[in-house]
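Peer 1: pasting the structure only:
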């Protein structure tokens, strides 16, 4: 089908023309999307972005003016802007997710853990904080009150202790 005929049929809201658009320009649209997405995580949304692009073409084909440029250039501008908008949405979504609230399941433990042995490389204070947090299931606020320290200090001990244990390879698979 000729490009001019496709545009005319799209302007007439012919659904078969939309199918023809997908067949004729789907690969091009995917190339533009992938070119504008920097990582694999974002590239997982290529199909969703492409669908948004087809919708935008369907809704705004009346704005296309052949005197201002080719259809392919107009289409690539739509795809680029839809991709950028989608990236902004993803960025806002990932900013809104608080990792402190995410619960990650831990692998089932088939044998009783030897916490003293597990936490042996930590300082005495870190050991106490880890025992209260991981073994006794105290909240950081409760640990702070019990050990007479600031809550931020509890978080620092947990963070530093995790890092030490991760570097030793002890932490992997037991705690998150």
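Peer 2: Looks like it arrived, so ask away. Keep in mind it's a predicted model, so treat the numbers as computed, not measured.

Peer 1: Tell me which residues of the top helix by length along the chain come out buried.
Peer 2: Criterion DSSP state H: the longest helix present in the chain is helix 71-96. Using 16 or more other C-beta atoms under 10 Å as the test for burial, helix 71-96 gives 71, 74, 75, 76, 78, 79, 82, 83, 86, 87. Glycine gets a C-beta too; all of them are placed from N, C-alpha and C.

Peer 1: wait, what's in contact with the fourth one?
Peer 2: In this case it means residue 76. 28, 32 (C-beta atoms under 8 Å, 6 or more residues apart in numbering).

Peer 1: Find the nearest non-adjacent residue to residue 144, please.
Peer 2: residue 151 (4.4 Å; C-beta to C-beta, 6 or more residues apart in numbering).

Peer 1: Confirm for me that the one you found is in contact with residue 142.
Peer 2: No - applying C-beta atoms under 8 Å as the test, residue 151 and residue 142 come out as separate, 9.6 Å apart.

Peer 1: re the thing from before, how about the buried residues of helix 71-96 in JSON lines, adding distance to residue 138 and pLDDT?
Peer 2: Formatted as JSON lines, these follow (distance: C-beta to C-beta, whole Å; pLDDT from 0 to 100):
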{"residue": "71", "distance to residue 138": "64", "pLDDT": "94"}
{"residue": "74", "distance to residue 138": "61", "pLDDT": "95"}
{"residue": "75", "distance to residue 138": "58", "pLDDT": "94"}
{"residue": "76", "distance to residue 138": "57", "pLDDT": "94"}
{"residue": "78", "distance to residue 138": "54", "pLDDT": "94"}
{"residue": "79", "distance to residue 138": "52", "pLDDT": "94"}
{"residue": "82", "distance to residue 138": "48", "pLDDT": "93"}
{"residue": "83", "distance to residue 138": "46", "pLDDT": "91"}
{"residue": "86", "distance to residue 138": "42", "pLDDT": "89"}
{"residue": "87", "distance to residue 138": "41", "pLDDT": "86"}
